[in-house]
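**Student:** using only what follows, build the 3D model:
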Amino acid sequence: MSLFKKLFSKEKKESLDKGLEKTKTSFFSKLSKAVAGKSTVDADVLDELEEILVSSDVGVTTTLKIIDRIEARVAKDKYLGTDELQRILREEIASLLSESNHGNETEFVVPTSHKPHVIMVVGVNGVGKTTTIGKLASQFKKAGKSVVLGAADTFRAAAIDQLQIWADRVDVPIVRQEMGSDPASVSFDTLQSAKASNADVVIIDTAGRLHNKINLMTELTKIKRVMQKVVPDAPHEVLLVIDGSTGQNAFEQAKQFTLATEVTALAVTKLDGTAKGGVVIGISDQFNIPVKYIGVGEGIDDLQVFNKVEFVNSFFK
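**Tutor:** Presented below is the predicted three-dimensional model:
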């Protein structure tokens, strides 16, 4: 744990603390009320805690796991004090999150085993998909990597223009065509351009429609197939962006997209504007897909690699 603390910069830590402030304030004010006037952790306190975790969008399944673990500890120590509840809760959430092998990175890295590293980004409109792509491009560039963006969300002119703004802001090349063009064609051109320039990373934006999973699946499958004509094992990563501020709806989006395509990583955005930050705990626990990035602010550096140790430390600070 000390290694992660050392690698996690002061600026990142402050950004994470600030981004989780609303969630933390809401959660701990409810917890204080639940234990007011009580000295030991009893059934009533656990019932209240269950309600607090669910209302913080941790999710029912994950909440029940946490409550079961705390109940087991209460059974061992009949006189467990409410003053110890926060410490125990912290330990059990940290333990739950550490059971998957993901989420303890601190830096934006790409594999060196292949080049370019191709990331296809999916997610419904409005979740912060394009912003996440722009911030990712910025972070990879800061890490010394060359990046090419592909504007394959060709169904909305605004999506192409938005990505162009980010490409200009970060100063990375973008491959784009006119609105209504074939997304697979844009992806093909992007990968050809990236190979020609010996780029390290390619990030492809895709359309954010989910009203028809069959159409979405067909489209994403076609994009993958066409990309593989240029880079045989592309995409190396399918990143699903979900809006943390939507709470339980974020779970639903994750479910729907994982049915529509093979998602390999998650980015949870907009955690700074909500008290629903507990959604990260639930999503990290329930999906066999790692939460790789979290958005904790509007600044270009406020997209962070998800580090479970630091997340729990900030949550319980």
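**Student:** CA atoms for contacts and neighbours, from now on please.
**Tutor:** Will do.
**Student:** can you give me the strands for the stretch 101-250 of the chain?
**Tutor:** 117-122, 147-151, 174-175, 201-205, 237-243 (DSSP state E, counting those that start in this stretch).
**Student:** K13 is nearest to which of the ones you listed?
**Tutor:** strand 237-243 (21.2 Å; Cα to Cα).
**Student:** average pLDDT for that closest one?
**Tutor:** Per-region confidence: strand 237-243 scores 94 on mean pLDDT.
**Student:** roughly how far out does that strand sit from the chain middle?
**Tutor:** 7 Å (Cα atoms, centre = their mean, to the nearest Å).
**Student:** by mean pLDDT, point me to the weakest helix or strand of this structure.
**Tutor:** For the chain, the helix or strand with the lowest mean confidence is helix 2-7, at a mean of 42 (criterion: mean pLDDT, DSSP states H and E).
**Student:** and the next helix or strand after it, how far out from the chain's middle?
**Tutor:** Next along the chain after helix 2-7, taking DSSP states H and E as the criterion, comes helix 10-19. In terms of Cα atoms, centre = their mean, the centre of helix 10-19 is set 16 Å apart from its chain centre.
**Student:** next, the contact list for the most centrally placed residue in the chain, please.
**Tutor:** Residue closest to the average C-alpha location in the chain (Cα atoms, centre = their mean): A267, at 2.3 Å. For A267, the contact set (Cα atoms under 8 Å, 6 or more residues apart in numbering) comprises L239, L240, V241, I242, V291, K292, Y293, I294, G295.
**Student:** one more pass at 10 Å, please.
**Tutor:** Neighbouring residues of A267 by Cα atoms under 10 Å, 6 or more residues apart in numbering: 121, 123, 128-129, 132, 239-244, 280, 290-295, 303-306.
**Student:** F155 now?
**Tutor:** E178, M179, G180, S181, D182, P183, T206, A207, G208, R209 are the contacts of F155 under Cα under 10 Å, 6+ apart.
**Student:** 6 Å instead?
**Tutor:** F155 is in contact with G180, counting by Cα atoms under 6 Å, 6 or more residues apart in numbering.
**Student:** what does S245 give?
**Tutor:** S245 touches K270, T274, K276, counting by Cα under 6 Å, 6+ apart.
**Student:** ok, K22 next?
**Tutor:** A275.
**Student:** circling back: so which helix or strand takes in the residue nearest to the centre of the chain?
**Tutor:** Short version, using DSSP H and E: A267 is in strand 265-269.
**Student:** between the following helix or strand past that strand and strand 265-269, how many degrees?
**Tutor:** Counting by DSSP H and E, the next helix or strand C-terminal to strand 265-269 is helix 279-286. In terms of direction (axes from the mean of the first three to the mean of the last three Cα atoms, to 10 degrees), helix 279-286 departs from strand 265-269 by 170 degrees.
**Student:** how far off centre is helix 279-286?
**Tutor:** Using Cα atoms, centre = their mean, the offset of helix 279-286 from its chain centre is 10 Å.
**Student:** just the buried residues of that helix, please?
**Tutor:** By neighbour count on 16 or more other Cα atoms under 10 Å, the buried set for helix 279-286 is V279, V280, I281, G282, I283, S284, D285.
**Student:** try stretch 184-202
**Tutor:** 184-195, 199-202.
**Student:** would you map the helices across the protein?
**Tutor:** With helices called from DSSP state H, the chain shows them at 2-7, 10-19, 21-35, 43-55, 60-76, 85-97, 129-142, 157-170, 183-196, 213-227, 248-260, 279-286, 308-315.
**Student:** quick one: low-confidence parts of the stretch 151-300 of the chain?
**Tutor:** 210-212 (pLDDT under 70).
**Student:** ugh, typo on my part, it should be the stretch 1-150 of the chain
**Tutor:** In the stretch 1-150 of the chain, residues with pLDDT under 70: 1-8, 78-79, 100-106.
**Student:** from D161, how far off is F155?
**Tutor:** In this view, F155 and D161 are 12 Å apart by Cα to Cα, to the nearest Å.
**Student:** next, give phi and psi for the nearest residue to Q248 once chain neighbours are set aside.
**Tutor:** For Q248, ignoring the flanking residues on the chain, the nearest one in space by Cα to Cα, 6 or more residues apart in numbering is D57 at 6.3 Å. Reported as degrees, to the nearest 10, the phi and psi values for D57 are phi 70, psi 30.
**Student:** next, count neighbours for D57.
**Tutor:** D57: 28 surrounding residues under other Cα atoms under 10 Å.
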